[in-house]
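S.K.: Provide a 3D model corresponding to the input given below.
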Amino acid sequence: MLAGMTAPGASGPAATSVGPQGLRERKKLATRQALGAAAMQLAVERGLENVLVEDIAAAADVSPRTFNNYFASKYEAICALALDRAARVGEALRERPAGESLWAAVRGAVLEVYGVASTVPDPRLIAGIRLVTSSPELRGEYLKALSIMQYDLAGVITERSGGDPAADSMVARALAAAVTAVIQAATERWLFADPPVPLAPVVEDALGELVAGLRDVLPPVATRGGPPPARRAACRAQSENEGLAVDPSG
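M.R.: Residues are numbered from 1 along each chain as shown. Below you'll find the model as predicted:
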């Protein structure tokens, strides 16, 4: 539920755009980010129930009507940074070097987006974020962010495989779901760490734990059933190159 959450006003990917954009698009993105940052900041300072759309619009120096052009509710605005960060992971993966192995590319994309969160947050700020994000009203918006990240990652993973969009969709979805879950778990660990710690190393460690966990729990390549031997051998070779020893037959 907390994937992508960062401190209000934090520097990093939340303050940058992805891909080539025109002036109009950059201005729209800047307005969206300003509204999202203002919404979270006000919720932390005042409490979620004490923040109105008009307050968020005023803090971002826009009209309530402009706010409504970007968000349907204050809850959606508060989760905007998480949603935007989730989308950037897929875009970062799409831009990774073609020669990278799949896991190296996925890991690199995640760390490219989350790696800038390298400073220890203020404990009072973290306490406020914990309070805000514990609200039931925000759960649906955070689930939306996770869903966007998962589907976007799965699509780009399929693209990188060079296959038909429908090919290996189960593998792509499974890998995307695993990475998304790891990011969510790492963000929750970061948010409740005592004392507070930077987010970036927590995410990096969590990705490493995912690889180690798969290596420990999944069986070696099966000797019967599953894909043809050549396919199994190719999958095993790729997995070993990426630090995994998994069974391509599932």
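
S.K.: longest helix in the protein, by residue count?
M.R.: In the chain, taking DSSP state H as the definition, the longest helix is helix 136-161.

S.K.: tilt between the following helix or strand past that helix and helix 136-161?
M.R.: Moving toward the C-terminus from helix 136-161, the next helix or strand (DSSP states H and E) is helix 169-191. Counting by axes from the mean of the first three to the mean of the last three Cα atoms, to 10 degrees, helix 169-191 lies at 130 degrees to helix 136-161.

S.K.: low-confidence regions, this structure specifically.
M.R.: Flagging of the chain using pLDDT under 70 yields the residue ranges 1-21, 163-168, 221-250.

S.K.: what's the spacing between the residue most central in space within the chain and Arg32?
M.R.: The chain has Ala86 as the residue nearest its centroid, 3.7 Å off, counting by Cα atoms, centre = their mean. Ala86 sits 14 Å away from Arg32, going by Cβ to Cβ, to the nearest Å. Heads up, the C-betas are built off the backbone N, CA and C, glycines and all.

S.K.: buried sites along the longest helix of the chain?
M.R.: 138, 141-142, 145-146, 148-158, 160 (16 or more other Cβ atoms under 10 Å).

S.K.: three-state assignment of Val211?
M.R.: helix (DSSP: H, G, I helix; E, B strand; the rest coil).

S.K.: quick one: it and Trp103 touch, right?
M.R.: Yes. Contact criterion Cβ atoms under 8 Å: Val211 and Trp103 qualify, at 7.3 Å.

S.K.: just want to know which of the two has more residues nearby.
M.R.: Using other Cβ atoms under 10 Å, the more surrounded residue of Val211 and Trp103 is Trp103, with 19 against 15.

S.K.: secondary structure element for the more buried one?
M.R.: helix 102-114.

S.K.: CA-only coordinates of stretch 143-157, as CSV, when you get a sec.
M.R.: Only the C-alpha atoms of stretch 143-157 are listed here, as CSV (Å, rounded to 0.1, in the frame of the first residue of the first chain):
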residue,chain,number,x,y,z
LEU,A,143,-3.5,-0.3,-4.6
LYS,A,144,-4.0,1.6,-7.8
ALA,A,145,-0.3,2.7,-7.8
LEU,A,146,0.8,-0.9,-7.2
SER,A,147,-1.4,-2.1,-10.1
ILE,A,148,-0.1,0.5,-12.5
MET,A,149,3.5,-0.5,-11.6
GLN,A,150,2.8,-4.2,-12.0
TYR,A,151,1.0,-3.9,-15.4
ASP,A,152,3.5,-1.4,-16.8
LEU,A,153,6.5,-3.5,-15.7
ALA,A,154,4.9,-6.7,-17.2
GLY,A,155,4.4,-4.9,-20.5
VAL,A,156,7.9,-3.7,-20.7
ILE,A,157,9.3,-7.0,-19.7
